[in-house]
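In: After the sequence you'll find the predicted model.
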Amino acid sequence: NESAPQESESNQIVSCSKIHIPSNHLGGFNRSNANDGRLLSSSPGAGTGGTATGNNKPAPGPPEEQQTLLAVLQFLKKSKLAESAEILRREAGLPEDALDPKGTDASGSGPGLAAGSGQVDGVDASSLLSRVTVSSSAAAQAPKKAAAGEDQPDVSVVLSAYSQQGDPSLYDAYYSGLKRFIESVLDCHRAELSQLFYPLFVHMYLELVYNNNESVAKAFFEKFSGDQECYYEQDLRILSSLTKKEHMKGNETLLDFRTSKFVLRISRDSYQLLKRHLQERQNNQIWNIIQEHLYIDIFDGMPRSKSQIDAMSGSLAGEARREANKAKVFYGLLKEPEIELPLDDEDEEAENEEGKPKKKKPKKDSMGSKSKKQDPNAPLQTRIPLPELKDSDKLDKIMYMKESTKRIRLGSDNLPSICFYTFLNAYQGLTAVDVTDDSSLIAGGFADSTVRVWSVTPKKLRKVKSAADLNLIDKESDDVLERIMDEKTASELKILYGHSGPVYGISFSPDRNYLLSSSEDGTIRLWSLQTFTCLVGYKGHNYPVWDTQFSPYGYYFVSGGHDRVARLWATDHYQPLRIFAGHLADITCTRFHPNSNYVATGSSDRTIRLWDVLNGNCVRIFTGHKGPIHALAFSPNGKFLASGATDGRVLLWDIGHGLMVGELKGHTDTIYSLRFSRDGEILASGSMDNTVRLWDAMKAFDDLETDDFTAATGHIHLQDNSQELLLGTYMTKSTPVLHLHFTRRNLLLAAGAYNP
Amino acid sequence: MSERRFAEVSRDSVKLMAESAGLELGDEVAALLAEDVCYRLREAAQSSAQFMRHAKRKKLTVDDFNKALRWSNVEAICGYGAQDAMLFRSVKEGELFFVEDRDINLIELALATNIPKGCAETMVRANVAYLDGKGNVGPQGTVPAAVQSLSDDLLKYYQQITRAILGEDPHLMKVALQDLQSNSKIAALLPYFVYVISGVKSVSHDLEQLNRLLHMVKSLVQNPYLYLGSYVRSLVSSVMYCILEPLAASINPLNDHWTLRDYAALLLSHIFWTHGDLVSGLYRQILLSLQKVLSDPVRPLCSHYGAVVGLHALGWKAVERVLFPHLPAYWANLQAVLDDYSVSNAQVKADGHKVYGAILVAVERLLKMKALSLPQPAEGCSSSQPGCLAGPMGYRVSSPGLSPPPEPLAEAGLGIASHLQAGGAGCQWEEWSPVPLPAMYSELYSFFGDSLAVRFSTEQSFGGFSPCTPSHFRETRKEPLGHVSNPDTTRKMPQLTANLNISPRQDGSPRTDPPPPSLAATGSVRSLARSSMQRSRASSSRSGQRSIGLSRDVFPKARFTSPHSGPPTFSFVIGGRQMGRRCQGRRPFQTIFVPTPPPPVVLPRVYTHKLPVIGRVCKPLRRWTRSHYSLHLPL
């Protein structure tokens, strides 16, 4: 059901995964041989064919013996008996890099797949699928065998474990044993170790299901599903519906779970405690799963409290690893092109705007642009190529500056007025809204595949005349731009037809000449707002495209959809320039950083990722939401990110430090829109619960105490001050708030469809 | 499993489906299939939820589900795209459930003449919802302004209603008022109606129109679905206009603007007691404006009358606070009017009498309530006392008359409760120095003389309410008073004392006359008061008899006996008694009237009105004929 990928995309992928894999490698020791392991496994497989098939059957014979040897080798290595291991390896004639025996097929294909599904997803779907099925079958059996052997001091037990395949009836005992242990430890450790419950539970359940122990699995689920944190409910529901091995193949959620390592952050003390316990009890099943499927990010220091843990957990794959958020992010703003208000020396300015660092303009920007000096945190002006300013852009910039002088200074005691654009007679069909930066146009995407553009000023929408008519006009005249417009077509509303599915995302270009729309039909379309026709259909996502957005500088745009990858496009390329892969579930929303160098994506896997446009790297992973993320907003200064999800919470993130810095509770339903006021003092959030809420963003960010320790450890401690930060709750009239927009003068525009 | 998390497709269902497709399935296969179907359904449901979320809806539609199916390479289901919920029906025998799927006759559909209107075009409407983060223009959480702005239907409704109310057809008016009173969807029209009502100022020449507008006010006020909000102020000012202004209509003495004023006063108290809390300081404002009118000697008497009835309607506290302190000053003016026997003054004098009567009634109740609030009624018979007060107020507004303003009774007191509250509250709300009852009485007595005394004592004794206190009090008080106050004072209003001659008249028909119907009704037979006035009138004679003795004791105090009978033309029925025949009541009025030039026409009609006017204040218009006499009974 998926079409073959385009050549160039796969090329992209390769480059991406290269960047990506190393970060995966930093973790577990048995991970390091992931790729090599696969290579290795085919050799003992006696060339029976596929990668995993050889080892798949635990049939007697050379392969199995070799496995046992590998298991022993593994054990020796773990027990730091390096010399013995070396001797054994030499005696057995095993290759140098076979130190991780079970890596052969089990973990080998596991991480391999993780990388694959993460980064290759949606590119070569059919081939991916085959790999997934093969490897998952391999992964499920092998780990257990290897698991049993891994830490077992007695070799005979290792061997018996192979044949036994793990006693399903013992799972219950294992789990409850661990549960008892965790409940009995000191409070400070209990919260940390409790994190283990959920991933262990899921993996044990899946193993049971995989081994066709359906009734045991069901009982296991019944018994322990109630213990899990409530924010995993959604996943548990999916899990509970899955009781057959056959069903596992197609279930994406579970594939993600199996193939990606669930990340836990645990203090060293707690981890030692756990390790000791498991070794004492010889609870190998659990230990194996921990080794196999979990990534435990151990840190030194005080164990975290329950609230600290809860704040960060909730995503599909656990927390982000600390290393994942270490990369330097240039969150500063680009220097604004200096434009003199008098329009005379435009040419000079145009040069200036090219961003050549050489020229130091003697004349100062009369408007006192914020970025007079280069922000140390800002990327180089030329870090990514940005389009040149056209004359019209400069005019617009001047307009913008003029408007901003009239801007109202907002604050907790000076709240914005709210103007609501209500879509009437939308018949529940309004799926997306966007407003131009100058608030002159509003566009709606509809479930009936149309995009409708309204002018909200008295100026009507006019098309450019037809080519024949254009020939007739005097091209030398001053008002040629006016003359090319066809007065007959003037109307308040233009409807754009072209998509063949609901339009889920729309975005105006900053210069108001173009409109992007992304649809369920898998395409993104670029429309001209001069001719009101479709210019390009960008195909690449083979699945619904949930969101798209223009770069604040135009030209680039980003899209994300059901295929779990976000793509960066340029309007003049029909193929994507970058593919951002890594999310484990649908990408639900995409936003450009104000400096256009980064892209944030929110996903159904309940994480937010920040991608570097320059090299396609994922530079930040934010976890903490307990539901799919549907709204993102960068603060105007580029330092912070706000995100809203179906859980009704807004989370605030410090991009530079990669930390969660605030939690705004109040909404009772999905948040579909977030927007900072022009100067960043106020954050407005609009939700399905028919309210707009205003939050004191200044206070939220001012109160931060991001000391080095917090920054280093990532242990945030959020105070619950939502109520103090909430400046107002504004009811709409049975209208979910789909879009928010601050005009250049800081009037808040909200839009939504009236749902009687 | 103890709990089933999901609806499950049973094995039997699968088998049935297979059979319908002509396949035979083994149990095992069916079970496997059933499980798989369940799983696939859940999977599809879960992925369709994603489409719902992205469409920013809360309702999962068939479309969403079909999309999910499409993306998992399953054919979409057709034919279920309707917006409305499916009818899911069950057949009792056989436990069969199915979606109702009616046959549609395409021919009929095609030939149908009522072509459905196309869907309205999607549009965007902008409205400023909140200014500076606070003032929200328009109430929160209701329909959007665009929808709220008058639809054609509402406009039509508005036109029809106003036309009906202000039009000729009384029946139509009644229907319109009825609807106005109960319609729950006219909130949007409220400002318009209020505007219409504010038109009272332009129709002050037309009593009929004024009346209708007041009816409109009443309907709006009584509509439980309307939130009047700040419109209360506007309504009050319209009503006050009717009460206080020297209406153009009152130039013609034939116009019964008195009734209008009474009605308006009644309405005022109603508005105040039911919606007074919506506007702060309303009570004070009303009192102030009433006081202003009262203290303005330039104003015509009808305005003064309005002020008095207004005060009376607002309750005895209002009377005590405003009217009573003002009385001495006002009295001089009124006295002058009443003492002027010149022919040219006849009309004014008649008006003066109206005012006099109104004051008397107001003052009377003041005294009564005052007396009541002091000694807490201990006996069971106390109920009769409030009864006589509440009696006349079958209307739900009535309670205001009893209880002090700051605590509007939710539902006008019917009987005891309201009374208790009235009594209890009477003591709470005193910030100005209240005149002690004896002093008040003596002062009032100096103005009204025996006319006051009789009413006061009569009622007290009639009610059987602590006969000793008031009557003793009266006796002890009165005697000295009679001596102390110079004869002139007491005799100032000789004509009015004449109403004492009721009691002599009673002598004439001892059996039937004595008890005021309402008293009778309100006394022991409280429940009858409202529902069966007619009967109470008839029964009044009997029930009243018990108290006759008492009243007789009091009546002898009367100094006047009616010397002659009134003109035979004047006849009215009071409470079903046969007093009309003798019609001696209020003779002094008549004696004045008869010689005066005013045309004879005035007599029967105007007079009948006049009487009620005095006592009617807290009675609803509709009960007019039945109950307005209650306060008059002492007559």
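Out: Received, thanks. Residues are numbered from 1 along each chain as shown, chains lettered A, B, ... in the order given.
In: Please count neighbours and contacts with C-alpha atoms only from this point.
Out: Noted.
In: Low-confidence ranges, the chain, go.
Out: Using chain A. Where chain A drops to pLDDT under 70, the residues are A:1-67, A:92-166, A:252-256, A:340-374, A:703-716.
In: try again with chain B
Out: B:1-7, B:82-86, B:116-119, B:131-150, B:374-434, B:449-635.
In: need the longest strand for it.
Out: In chain B, assigned by DSSP state E, the strand with the most residues is strand B:123-130.
In: hey, C-alpha coordinates of that one in PDB?
Out: C-alpha atoms of strand B:123-130 as PDB (Å, rounded to 0.1, in the frame of the first residue of the first chain):
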ATOM      1  CA  MET B 123     -18.600  32.700   6.000                       C
ATOM      2  CA  VAL B 124     -16.400  34.500   8.500                       C
ATOM      3  CA  ARG B 125     -17.800  36.900  10.900                       C
ATOM      4  CA  ALA B 126     -15.600  39.100  13.100                       C
ATOM      5  CA  ASN B 127     -16.700  40.400  16.400                       C
ATOM      6  CA  VAL B 128     -14.700  42.000  19.100                       C
ATOM      7  CA  ALA B 129     -15.200  39.600  21.900                       C
ATOM      8  CA  TYR B 130     -13.200  41.100  24.700                       C
END
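In: A:Ala750 sits in which helix or strand?
Out: strand A:748-753 (DSSP states H and E).
In: how far is that strand from where the chain is centred?
Out: Centre-to-centre, strand A:748-753 and its host chain are 26 Å apart (CA atoms, centre = their mean, to the nearest Å).
In: what's that strand packed up against?
Out: Where contact means 3 or more CA pairs under 8 Å, 6 or more residues apart in numbering or on different chains; DSSP states H and E, strand A:748-753 is packed against strand A:418-424, strand A:430-435, strand A:739-742.
In: Could you single out the most deeply buried of those strands?
Out: Comparing the helices and strands packed on strand A:748-753 by mean neighbour count (mean count of other CA atoms under 10 Å in any protein chain shown), strand A:430-435 ranks first with a mean of 27.
In: next structured bit after that strand?
Out: strand A:441-446.
In: What pairs with that following strand, parallel or antiparallel?
Out: strand A:430-435 (antiparallel), strand A:451-455 (antiparallel) (DSSP bridges).
In: what's the closest of the helices and strands packed on strand A:748-753 to A:Asp396?
Out: When these are compared by CA to CA, strand A:430-435 sits nearest A:Asp396, at 15.8 Å.
In: which residues are contacting that closest one?
Out: Strand A:430-435 has contacts (CA atoms under 8 Å, 6 or more residues apart in numbering or on different chains) with A:423, A:441-447, A:502-508, A:738-739, A:741, A:751-753, B:54-56.
In: What of stretch A:607-617?
Out: Contacts for stretch A:607-617 (CA under 8 Å, 6+ apart): A:16, A:19-20, A:315-316, A:383-384, A:568, A:578-580, A:583, A:596-602, A:618-625, A:628-629.
In: Dump stretch A:595-604 to PDB, keeping only the CA atoms.
Out: This file holds the C-alpha atoms of stretch A:595-604, laid out as PDB (Å, rounded to 0.1, in the frame of the first residue of the first chain):
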ATOM      1  CA  ASN A 595      15.400  32.500  12.800                       C
ATOM      2  CA  SER A 596      14.500  29.800  10.300                       C
ATOM      3  CA  ASN A 597      17.500  27.700  11.200                       C
ATOM      4  CA  TYR A 598      15.400  25.200  13.200                       C
ATOM      5  CA  VAL A 599      12.200  23.400  12.900                       C
ATOM      6  CA  ALA A 600      10.200  22.100  15.800                       C
ATOM      7  CA  THR A 601       7.900  19.200  15.300                       C
ATOM      8  CA  GLY A 602       5.300  17.800  17.700                       C
ATOM      9  CA  SER A 603       4.200  14.300  17.400                       C
ATOM     10  CA  SER A 604       1.700  11.700  18.500                       C
END
